[in-house]
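> sequence first, then the predicted structure, then my questions.
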Amino acid sequence: MQIFRSACPYDCPDTCGLLIHVDEGKAVKVEGDPEHPFTRGTLCPKMNHYERTVHSPRRIETPLLRTGPKGSGEFTPIGWDEAIAHIQSKWQSIIAQYGAEAILPYSYAGSMGQIQRNAGHPFFYSLGASQLERTICSPAKGVGYGAVMGSTMAPHPSEVQDSDFIILWGIHALATSIHSLHDIKIAKERGAKVWLIDTYQTGTAQVADKTIVIRPGTDGALALGIMHVIARDNLIDRDFINTSVLGYEELAAKILPDYSPEVVSEITGIAASVIEELARLYAAARAPFITLGSGMSRYGNGAMTIRTITCLPALVGAWAKKGGGLLASISTGSAFDSSRVTREDFLERPTRSINMNQIGEALNELSDPPIKSLYVYVSNPAIVAPDQNRVLQGLAREDLFTVVHERFMTDTALYADIVLPATTSLEHSDLYRAYGHYCMQRCQPVIEPVGQAKSNWDVFCLLAAAMGIDKPFFKQSADELLDSILANPSPWLANAPVDKLNAGLPMELPLPEGYKTKFHTPSGKIEILNTREKEALPRYTQPYGDPADFWLINSPDIRLLNSSFNERADLTQSNKMLLQMNAADAGKLDLQDGQLVIAYNERGQAAYQLKITDKVPAGVVVAEGVWWLEHTVSRRSSNALTSQRLTDRGRGSTFYDVKVNVRASGERTDQC
Ligand SMILES: Nc1nc2c(c(=O)[nH]1)N[C@H]1C(S)=C(S)[C@@H](COP(=O)(O)OP(=O)(O)OC[C@H]3O[C@@H](n4cnc5c(=O)[nH]c(N)nc54)[C@H](O)[C@@H]3O)O[C@H]1N2
Ligand SMILES: Nc1nc2c(c(=O)[nH]1)N[C@H]1C(S)=C(S)[C@@H](COP(=O)(O)OP(=O)(O)OC[C@H]3O[C@@H](n4cnc5c(=O)[nH]c(N)nc54)[C@H](O)[C@@H]3O)O[C@H]1N2
Ligand code: SF4
Ligand SMILES: [Mo]
């Protein structure tokens, strides 16, 4: 038995340190690495048994060729040479007839490793394929934060330990970022109070002293209401504003008067007295801290909402206080030069870009040239993309040549012409950086590839050779590429203990002295007023909404990581596809707890088991998790209801900006 260090590859802010026990070439046990500075030896329930994913009997072990109709799941095993030759000949004829832009890559973050996640970029740039706008997560959050704070560094996550008043705003930390709760627990032990703002009482409410339930998409108005009270009662930090803030006076004069607690109460559904209380507590705190989730950024007004909330700490000088500030997301992207992997310079002429949230539209409507081939890796668009009926309709096109490189037979892979088997993180090399802390980790394979699985990097090198792309870049190994990146460090990385990285240990990037009050904006100040924006000041704008009765919140499930872990029977055996609704609404619709119901709108419908609960307010229903279709009753999951509309800025997804009606299911539960 040997124990190796590794890191969690999934799209989770924590990027936990792992210890992998390997016996006779198999991973037999997975533990948290106690030496990891942030994750400190604990894992979530999903990764505690990562070996069950790695050695799952459901792993795809050979390349597969489709033998039945699209989507039927009928395949025959073939060899790698045959699979690559098949792709080569199909692509060559598509390129000859339609041009390379008829080929579209589709990838996101099934693995967060800097090599494997980005391995397709240099290949598809070289090919001249259509580009993908990778905005399915929360770009509006980044744009909203950036409008006020520019590229100011996020606080170290342990900063919160010294806060005395913490707002968890639109974040289900118990499910999505559990290790942040460790620091929050320390703050609580030191006397801090925690308030949670969400659209229903999530599991995270357990750690909060108070939960405010807000009407979906209205958080911008709440932030303005809090600032109204702070300005009205002169609770501002005048010295901080004078030295470090641009535009407070304009905001106070032109915008805040319109957002009295009474007006904001009408918009948000929160009692005016609660808005007053929250504003006073926030202003009176020694070091108020806001942990900002992504929830409210996934609306038509997402960027403006985040921008507005981001102004709050400036009014009370929170940034200058130990333990104060706002944590939206941690970016360590500048620590190393990712263009050494992505190689934009391989693109010989501009090619069109297709927004990944609108893949449904693109597959069905695009012409000149139409998309004739789709290459999917580290993603599962049949399940994670909005407007599922349109996506499945596109994937079902018999004239669409689809290749899916996957670990499991996902709903997307079921529609493939060729399926290629992918390695897991224990079988390939990579470099991981996190978005919830400042650590990085370099990982080596700890077991041999399962079956004939190959890593993304290796497959793109094979495809490059087959397509006649003769660049030496594609003749190196993933480790050689990593070595060359680390041999050319950024100034930030050069100051870090890189030898730790090469020894496989988690390495924390050093933070510059006084970084919290070095505001990286054009003015050097926090920019409440930003004249580069179309609207120079934040104000409340409305979400899209839909003409239906209930907002549908379809946020993460604690047992899944986006659509990953659906393969694990131990995680998915109970309570899938629940629709949570409050008793009064259920009563009005004459629905009973446990019965099968249909949520529907103009885009589609999905069946759920009804769960009546007082944790959900009137006018809202909640369905956690993005489930594979095998776990659904109606062969559709929540994305059959979500829309391809984009956010106000950042061209991001609007998953929670969706409304539905609900009815009892008739006898038929199959999809219309
Ligand atoms: N277990 C688990 N962990 C995950 C994931 C997962 O699928 N499962 N996904 C990972 C990924 S890719 C991401 S991006 C992160 C996201 O993690 P988070 O930042 O937590 O963001 P969301 O999950 O989008 O939403 C968080 C909360 O916002 C609430 N919310 C929705 N609309 C509103 C609103 O209008 N106002 C307010 N105040 N709250 C609202 C939702 O009810 C939800 O509880 O989590 C990562 N971690
Ligand atoms: N309704 C609804 N939909 C959502 C969300 C939501 O909250 N609600 N959340 C959205 C968000 S925030 C995000 S970020 C997206 C995420 O969407 P994706 O990034 O597509 O995430 P996953 O569902 O985890 O799918 C990743 C797939 O990659 C595969 N994979 C893992 N490692 C490798 C590898 O090394 N190589 C290859 N080739 N494949 C690999 C896995 O087996 C898995 O099937 O989903 C979005 N979709
Ligand atoms: S999914 Fe998140 S919490 Fe779970 S092990 Fe991975 S990084 Fe850690
Ligand atoms: Mo995400």
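Good, I have the coordinates. Ligands and ions are numbered 1, 2, ... in the order given.

> which bits of this protein sit near ligand 2?
11, 108-111, 116, 136-137, 377-380, 384, 405-408, 410, 422-423, 456, 554-556, 561-564, 626, 638-639, 642, 655 (Cβ under 6 Å from any ligand atom). No exception for glycine: its C-beta is placed from N, CA and C like everyone else's.

> show me where the stretch 351-500 of the chain has helices.
359-365, 381-384, 388-395, 456-466, 478-486, 491-494, 498-502 (DSSP state H, counting those that start in this stretch).

> same for the fourth one, what does it pack against?
It stands for helix 456-466. Packing partners of helix 456-466 (3 or more Cβ pairs under 8 Å, 6 or more residues apart in numbering; DSSP states H and E): helix 80-98, helix 120-127, helix 478-486.

> just say which of those is most tucked in.
Mean neighbour count (mean count of other Cβ atoms under 10 Å) peaks for helix 120-127 among the helices and strands packed on helix 456-466, with a mean of 24.

> list the buried ones in the next helix or strand after it?
Using DSSP states H and E, the next helix or strand after helix 120-127 towards the C-terminus is strand 131-133. Using 16 or more other Cβ atoms under 10 Å as the test for burial, strand 131-133 gives Q131, L132.

> what lines up beside strand 131-133 in the sheet?
Here strand 131-133 is paired, per DSSP bridges, with strand 353-355 (parallel).

> list the buried residues for the strand it pairs with?
I354, N355.

> what's it in contact with?
L104, S130, Q131, L132, E133, T135, A362, L366, I371, L646, R651 (Cβ atoms under 8 Å, 6 or more residues apart in numbering).

> helix/strand/coil for the last one?
Secondary structure assignment for R651 (DSSP: H, G, I helix; E, B strand; the rest coil): coil.

> cool, the first one as well?
With three-state DSSP as the basis, L104 sits in strand.

> quick one on the thing from earlier: tell me which of the helices and strands packed on helix 456-466 sits nearest to ligand 3.
Ligand 3 sits nearest to helix 478-486 of all the helices and strands packed on helix 456-466, at 20.6 Å, using Cβ to the nearest ligand atom.

> picking that back up, in JSON lines, list the helices and strands packed on helix 456-466 along with mean pLDDT and distance to A192.
Shown next, in JSON lines, are those (pLDDT from 0 to 100; distance: least, Cβ to Cβ, whole Å):
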{"stretch": "helix 80-98", "mean pLDDT": "98", "distance to A192": "56"}
{"stretch": "helix 120-127", "mean pLDDT": "98", "distance to A192": "43"}
{"stretch": "helix 478-486", "mean pLDDT": "95", "distance to A192": "39"}
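
> out of the ones you listed, the one nearest ligand 1 is which?
Distance to ligand 1, taken as Cβ to the nearest ligand atom, is lowest for helix 120-127 among the helices and strands packed on helix 456-466, at 19.1 Å.

> give me the angle between that closest one and helix 456-466.
Helix 120-127 runs at 10 degrees relative to helix 456-466, counting by axes from the mean of the first three to the mean of the last three Cα atoms, to 10 degrees.

> ok, residues contacting helix 120-127?
Residues outside helix 120-127 that contact it (Cβ under 8 Å, 6+ apart): 91, 100, 103, 105, 107, 131, 341-347, 375, 377, 456, 460, 463-464, 467, 469, 471, 473-474.

> what's near enough to touch K46?
Y10, R559, L560, L561, F565, R568, L571.

> returning to what we had before: among the contacts of helix 120-127, which ones are buried?
Buried among those (16+ other Cβ under 10 Å): 91, 100, 103, 105, 107, 131, 341-343, 346-347, 375, 377, 456, 460, 463-464, 467, 469, 473-474.

> so what's the one residue in the chain that gets nearest to ligand 1 closest to, chain neighbours aside?
Of all residues in the chain, G295 sits closest to ligand 1, at 2.0 Å by Cβ to the nearest ligand atom. Leaving aside its chain neighbours, G295 sits nearest to G170 (3.3 Å; criterion: Cβ to Cβ, 6 or more residues apart in numbering).
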